[in-house]
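A.B. asks: Predicted model and sequence below, questions to follow.
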Amino acid sequence: MSDPIESRVHVRAGEPVDIPDIIRLIRSLAEFEKLPGPDDAAATRLAQHGFGDRRCFETLIGEWDGTCVGFALFFMTHSTFTARPTLYLEDLFEMPSHRRRGIGRALLQRLAAIAVERRCGRFEWAVLDWNLEAQRFYASLGARTLPDWRLCRLDRGPSLARLAAVRAEAEHDDSSR
């Protein structure tokens, strides 16, 4: 006989019809992290990048009794050291009202199965330093936090443009010789 909770949880691949739910969940995630969520233009780009001709990411939808209450957004990178692809989880979120029901675990289990199917050398993600509950949850699944690595980022804006301009100037100088 199946577990009554597990029979209420369903994980499936995201589809274009899920875009409004994905945007709703991303906005809820942003609120949880005290960050600005995607505006309408960003929501349009998310739809294009996730379901358009040149997809940048994939999604999984976590449902409870047929209602979308969680999602995972992921993409493939590559490890030069393992010489294998890496499944990178960008975001995992479930509505606070539906936590501790197995939805997050089910999403991570499906992601792990995808990583195995795709012969990945790694399945990686980042967790905020203040999100101790998530850190404990990931540790309970066997994940380890890498102490020696720090995430580096150049956001769209002056820093990224400045670095790109340096590259563009160097290419221009090389081509004029």
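C.D. replies: Sure, I can see it.

A.B. asks: Ranking helices and strands of the protein by mean pLDDT, which lands last?
C.D. replies: In the chain, no helix or strand scores lower on mean pLDDT, DSSP states H and E than helix 158-175, which sits at a mean of 75.

A.B. asks: Walking through this structure, point out its strands one by one.
C.D. replies: When secondary structure is read from DSSP state E, the chain shows strands at 9-13, 58-64, 67-79, 84-94, 122-125.

A.B. asks: Pick the most buried one from those.
C.D. replies: Using mean count of other Cβ atoms under 10 Å, the stretch among those with the largest mean neighbour count is strand 58-64, at a mean of 21. For every residue, glycine as well, the C-beta is placed using N, CA and C.

A.B. asks: Show me where this protein dips below the pLDDT cut-off.
C.D. replies: When residues are selected by pLDDT under 70, those of the chain lie in 1-6, 167-177.

A.B. asks: 80 - rerun?
C.D. replies: Applying pLDDT under 80 to the predicted model, the residue ranges of the chain that meet it are 1-6, 166-177.

A.B. asks: in it, which residue is closest to the centre?
C.D. replies: Residue closest to the average C-alpha location in the chain (Cα atoms, centre = their mean): Glu90, at 2.2 Å.

A.B. asks: Quick check: nearest residue in space to it, chain neighbours excluded?
C.D. replies: Leu73 (4.8 Å; Cβ to Cβ, 6 or more residues apart in numbering).
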